[in-house]
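Peer 1: Fold the stuff below for me.
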Amino acid sequence: MCLAIPARIERIEDTSAWVRLGDAQVRVQLDMTPQAGPGDWVLVHAGFAIQQLDECDVDAIWESLRELEAARNSEGAAT
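Peer 2: I've put the predicted structure just below:
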């Protein structure tokens, strides 16, 4: 399964950006989201910011990921 994760841009360097993923800083390419800037949220997959997000999108994605994790954990407990 492929997964894209929301991340907030901290700084821009040419066509790439440093984003915050939890406690880590990760460098991603901005080729698909050249309009994104510091403080913006982007969806990151395989080292690329593939879409710019707003706060509502970010909240919804994290909620879905929490629900997926809870479902996976409850399935594991049942087996």
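Peer 1: Tell me where the model's unsure across this protein.
Peer 2: Along the chain, the parts satisfying pLDDT under 70 run over 78-79.
Peer 1: pretty sure Gln51 contacts Gln35?
Peer 2: No: using CB atoms under 8 Å, Gln51 makes no contact with Gln35, being 11.2 Å away. Where you see a C-beta, it was placed from the backbone N, CA and C, and this is true even at glycine.
Peer 1: More neighbours: the two, which one.
Peer 2: A direct count of neighbours by other CB atoms under 10 Å for Gln51 and Gln35 places Gln51 higher, at 16 against 7.
Peer 1: Just after the helix or strand where the more buried one lies, pick out the following helix or strand.
Peer 2: Per DSSP states H and E, Gln51 falls inside strand 48-53. The helix or strand immediately downstream of strand 48-53 is helix 55-78, counting by DSSP H and E.
Peer 1: Now do the longest strand anywhere in the chain: distance to the chain's middle.
Peer 2: Using DSSP state E, we find that the single longest strand of the chain is strand 5-13. Here the centre of strand 5-13 is set off from its chain's centre by 9 Å, with CA atoms, centre = their mean, to the nearest Å.
Peer 1: same check, this time on stretch 16-25
Peer 2: On the basis of CA atoms, centre = their mean, stretch 16-25 is displaced by 9 Å from the centre of the chain it belongs to.
Peer 1: same thing with stretch 27-40?
Peer 2: Offset of stretch 27-40 from its chain centre (CA atoms, centre = their mean): 12 Å.
Peer 1: Just the buried residues of it, please?
Peer 2: For stretch 27-40, the neighbour count (16 or more other CB atoms under 10 Å) marks Val28, Gln29, Leu30, Thr33, Ala36, Asp40 as buried.
Peer 1: Output that stretch as PDB, restricted to C-alpha atoms.
Peer 2: The C-alpha coordinates for stretch 27-40 follow below in PDB (Å, rounded to 0.1, in the frame of the first residue of the first chain):
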ATOM      1  CA  ARG A  27      13.700  17.300   2.200                       C
ATOM      2  CA  VAL A  28      11.100  17.000  -0.500                       C
ATOM      3  CA  GLN A  29      10.800  18.200  -4.100                       C
ATOM      4  CA  LEU A  30       8.300  20.900  -5.000                       C
ATOM      5  CA  ASP A  31       8.100  20.200  -8.700                       C
ATOM      6  CA  MET A  32       4.400  19.400  -8.400                       C
ATOM      7  CA  THR A  33       3.600  22.200  -6.000                       C
ATOM      8  CA  PRO A  34       5.800  25.200  -7.000                       C
ATOM      9  CA  GLN A  35       3.400  27.700  -5.400                       C
ATOM     10  CA  ALA A  36       3.800  26.200  -1.900                       C
ATOM     11  CA  GLY A  37       5.800  28.200   0.600                       C
ATOM     12  CA  PRO A  38       6.900  28.200   4.200                       C
ATOM     13  CA  GLY A  39       4.100  27.400   6.600                       C
ATOM     14  CA  ASP A  40       2.000  25.700   4.000                       C
END
